[in-house]
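**Q** got a predicted structure here, sequence first:
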Amino acid sequence: MISTLRGMKDILSHESEKYLFFIENCSRIAKNYGFEFISTPILEETALFKRSVGESSDIVGKEMYQFIDKGNNDVCLRPEGTAGIVRSFIQNKMDKAGGVKRFFYYGAMFRYEKPQKGRFRQFHQFGVESFGISDVREDAAVILMLNEILNFFKIKTLLKLNSLGCHKCMPPYKTKLIKFLDTLDGLCEDCKRRKSINPIRVLDCKNDQCQNLLNKAPLLINELCDECRDDFENLKSILDKFGINYEVDAKLVRGLDYYSKTAFEFISEDIGAQSSVAGGGRYDRLVEFLGGRATPAIGFAIGVERILELIVIDESKRDGIYIGTLEKEGQDLAFRAATILRRKTKVNIEFEGKGLKNILKNADKANAKYCICIGENELLSNTLWVKNLEDKESFNIEIKSLGEFQW
Ligand code: HAM
């Protein structure tokens, strides 16, 4: 038997319903915030991710699904969505056009990670990217929007917030941090590697021994330049005004290299070790870095699989109609009825019913509100037998009245 690859799974039945419910409502909320849908290819040139996500990141360093295609191109399944959207923004000259562009997207991402609960090799993200606004109100708007999405699905999270500074305050801080790290003895192998490639990644190492050693590490939040400090203070005060709870986490550095200034993550305590349900931040230098006209930008992505674990759908509410036939001769009538009713509501149909009891059981399983059945009597009277599965009342209805009935 051929199965899915390790770390990959089918999204089926109950989960697929939750998936659609989630994407539909995220899209609705994103549109309310002025975002438009964008879809970019899953396969891109490897160089795009190396340059944007960064060679020092685990994502590029260890986790890429990278290969040479038949045309000898070095390509890669996207590990995240931001890089492709920035590529599209530049390729389609939106950077040159100026103004503001806001996009939302969703789809599969690929990272060759060690699979565990909440961590897959193929997973899905719903994300947004906003281009052209450096004002910190846009940072607040995307955080408020993410918060609205989480509230809509009644998901409790903790918002962790940090500022990663800019090209003015980050370099001197890095020098200071490296000096401090050089005094330490006992950092884990990963941290030793990160120290030379991207020292700030050492700060969020999950190893307890490293964290103990890092207790006295200098923190960028105390060394921000005036502009970054003002922006961070303004952002916090807007979030305070709108009643958004957050915790400043000076060691939150995120796993992608393109961030500057605002960085954030939403954490859930209800899904185990892989607790980050969404993350994002500002990436004001990335458009320019990838060859476009300098354009400030900010965005986030939600991990759909992790969120689905937390969404509870009310299954008590019945919906739609289930049609079954007891006689072969009833199949045409059943099909006609389904075609009429599908203009009004959700209809499921089976053509070779194995008895009324069985059809009612299937209707119940499908969580239908009504079960329609066509037997010998119905064929004779040219009507349909209907049972309301909520109040258990049954009655017969003529086919010409199907369209007017309040289902
Ligand atoms: P990220 O933090 O790498 O950010 O991913 C965002 C979310 O995707 C995570 O918080 C997590 O919920 C989910 N996720 C990541 N890896 C996995 C995995 N292996 N299995 C299941 N879920 C996973 C980004 O990708 C950035 N592009 C976000 C962004 C948009 N920043 C600015 N704009």
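**A** Here it is on my side, so go on. Numbering: from 1, shown residues only.
**Q** could you report the neighbour count for whatever residue of the stretch 301-407 of the chain ends up closest to the ligand?
**A** Using CB to the nearest ligand atom, the single residue of the stretch 301-407 of the chain nearest to the ligand is residue 303, 2.1 Å away. C-beta: built from backbone N, CA, C; applies to glycine. Using other CB atoms under 10 Å, residue 303 is surrounded by 23 other residues.
**Q** ok, now residue 273?
**A** Residue 273 has 9 nearby residues by other CB under 10 Å.
**Q** my read: it touches residue 117, true?
**A** Yes. Here residue 273 reaches residue 117: they are 7.2 Å apart, a contact under CB atoms under 8 Å.
**Q** residues of this protein that sit close to the ligand?
**A** Proximity of the chain to the ligand (CB under 6 Å from any ligand atom) is limited to residues 80-82, 111, 113, 119-120, 123, 125, 127, 129, 255-256, 276-281, 299-301, 303, 305-306.
**Q** inside helices: which ones of those?
**A** Among the residues of the chain next to the ligand, the members falling in helices are 82, 305-306 (criterion: DSSP state H).
**Q** now rank those by neighbours and give me the top one.
**A** Neighbour-wise, those (other CB under 10 Å) top out at residue 82, 26 neighbours.
**Q** rewinding a little: TSV for the ones in helices among the residues of the chain next to the ligand, including distance to residue 161?
**A** Conversion of those to TSV gives the following (distance: CB to CB, whole Å):
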residue	distance to residue 161
82	19
305	24
306	19
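**Q** tell me the one of those residues nearest residue 142?
**A** Of all those, residue 142 sits closest to residue 82, with 12.7 Å by CB to CB.
**Q** how close does the closest one sit to residue 385?
**A** Distance of residue 82 to residue 385, given as CB to CB, to the nearest Å: 56 Å.
**Q** repeat that for residue 363.
**A** Look at residue 363 and residue 385: by CB to CB, they are 12 Å apart.
**Q** now, which of the residues of the chain next to the ligand lie within strands?
**A** 123, 125, 127, 129, 276-281, 299-301, 303 (DSSP state E).
**Q** filter those down to the buried ones.
**A** Using 16 or more other CB atoms under 10 Å as the burial test, those include 123, 125, 127, 129, 276-281, 299-301, 303 as buried.
**Q** which two of those have the greatest separation?
**A** Between any two of these (CB to CB), the greatest distance is 19.5 Å, for 123 and 281.
**Q** and residue 154, how many neighbours?
**A** 9.
**Q** tell me what the residue nearest to residue 47 when sequence neighbours are not counted is bridged to.
**A** In space, and not counting its chain neighbours, residue 47 is closest to residue 74: 7.1 Å by CB to CB, 6 or more residues apart in numbering. For residue 74, the beta-bridge partners under DSSP bridges are residue 68.
**Q** so for residue 74, what's the pLDDT?
**A** pLDDT recorded at residue 74 is 98.
**Q** residue 327 now?
**A** Value listed for residue 327 in the pLDDT field: 87.
**Q** need the helix or strand of this protein with the lowest average pLDDT.
**A** Within the chain, confidence by mean pLDDT, DSSP states H and E is lowest for helix 189-197 among all helices and strands, at a mean of 86.
**Q** so what touches whichever helix or strand comes after it?
**A** Scanning forward in sequence from helix 189-197 by DSSP states H and E, the next helix or strand is helix 208-213. Residues from elsewhere that reach helix 208-213 (CB atoms under 8 Å, 6 or more residues apart in numbering): 184, 186-188, 191, 202, 205.
**Q** which strands or helices does the helix or strand following helix 208-213 pack on?
**A** Next along the chain after helix 208-213, taking DSSP H and E as the criterion, comes helix 226-241. Where contact means 3 or more CB pairs under 8 Å, 6 or more residues apart in numbering; DSSP states H and E, helix 226-241 is packed against helix 136-152, strand 158-163, strand 260-267.
**Q** and residue 117, its phi and psi?
**A** phi -60, psi 130 (degrees, to the nearest 10).
**Q** count the neighbours of it for me.
**A** Neighbour count for residue 117, taken as other CB under 10 Å: 11.
**Q** residue contacts, residue 263?
**A** Counting by CB under 8 Å, 6+ apart, residue 263 has contacts 161-164, 252-254, 279-282.
**Q** rerun that using 10 Å as the cut-off
**A** Applying CB atoms under 10 Å, 6 or more residues apart in numbering to residue 263 gives the contacts 160-164, 249, 252-254, 256, 279-283.
**Q** do you know the pLDDT at it?
**A** On pLDDT, residue 263 comes in at 98.
**Q** not counting its neighbours along the chain, what's nearest it?
**A** Nearest to residue 263 is residue 281, by CB to CB, 6+ apart, at 3.7 Å.
**Q** residue 319 now?
**A** Once flanking residues are discounted, residue 319 sits nearest to residue 369: 5.8 Å by CB to CB, 6+ apart.
**Q** distance of the one you found relative to residue 260?
**A** Using CB to CB, residue 369 is found at 53 Å from residue 260.
**Q** same check, this time on residue 297
**A** 10 Å.
**Q** give me the more crowded residue out of those two.
**A** Per other CB under 10 Å, whichever of residue 297 and residue 260 has more neighbours is residue 297, with 25 against 21.
**Q** picking up where we left off before, same list, the ones in helices among the residues of the chain next to the ligand, but as JSON lines with pLDDT and distance to residue 218 please.
**A** Output for those, formatted as JSON lines (pLDDT from 0 to 100; distance: CB to CB, whole Å):
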{"residue": "82", "pLDDT": "98", "distance to residue 218": "29"}
{"residue": "305", "pLDDT": "97", "distance to residue 218": "37"}
{"residue": "306", "pLDDT": "96", "distance to residue 218": "32"}
